[in-house]
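Trainee: from the sequence below, what's the structure:
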Amino acid sequence: MQAKNGDNVKVHYTGKLLSGEQFDSSAGREPLEFTVGAGQMIKGFDLAIPGMVVGDKKTINIAPEDAYGPRSEEAIIEFPKESVPAEMQLEPGMPLTLSNQQGQPVPVIVVEVKDDIIILDANHFLAGQELIFDIELVEIT
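Mentor: From the prediction side, this is the model:
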């Protein structure tokens, strides 16, 4: 039986950057379970599953536009330093979590600390990256 849109599937995967650096893997964990075509996964990953049968393995390259999108300059935020507790020691590269207008968490990275503002990057850490995934279809449920 081939996987198709609407099927619930379980896959094992390893995600890497073009440099070969691994950024995520299901190795040593339960397989990842999702519904094919339901928008639960990045587009390029979702599109790779239809047509696979249980036991199939494949390696796919996903362009940024089918992954986490290109890096966006609009996601670079100037945040007032006065809004940060004085005892908080901010340094470039430090991860923080802000809340958006709906109260949802937004992960950001400190880019630069100036006298009166902090420059933050709210791009997904994989934005602008081509991704490589090794995928194995484990089960169609």
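Trainee: distance between the ends of stretch 27-42?
Mentor: 19 Å (Cα to Cα, to the nearest Å).
Trainee: the strands in this protein, which residues?
Mentor: 8-17, 22-25, 32-35, 57-62, 76-80, 95-99, 105-113, 117-121, 131-140 (DSSP state E).
Trainee: do you know which of the ones you listed lies nearest residue 43?
Mentor: strand 57-62 (8.0 Å; Cβ to Cβ). The C-beta positions use only the backbone N, C-alpha and C, and glycine is treated the same way.
Trainee: so which bits of that closest one are buried?
Mentor: Neighbour counts over strand 57-62 (16 or more other Cβ atoms under 10 Å) mark 60, 62 as buried.
Trainee: residues in contact with it: which ones?
Mentor: Residues from elsewhere that reach strand 57-62 (Cβ atoms under 8 Å, 6 or more residues apart in numbering): 42-45, 48, 52, 130-137.
Trainee: comparing the strands of the chain, which yields the minimum mean pLDDT?
Mentor: Lowest mean pLDDT within the strands of the chain: strand 95-99, at a mean of 90.
Trainee: tell me how far that one lies from the chain's centre.
Mentor: For strand 95-99, the separation from the chain centroid amounts to 16 Å (computed by Cα atoms, centre = their mean, to the nearest Å).
Trainee: how close does residue 38 sit to residue 9?
Mentor: 11 Å (Cβ to Cβ, to the nearest Å).
Trainee: contacting residues for the closest residue to residue 126 other than its chain neighbours?
Mentor: Nearest-residue entry for residue 126: residue 68, 4.5 Å, with adjacent residues in sequence omitted and distances by Cβ to Cβ, 6 or more residues apart in numbering. Neighbouring residues of residue 68 by Cβ under 8 Å, 6+ apart: 42, 124, 126, 127, 128, 129.
Trainee: alright, I will stop here.
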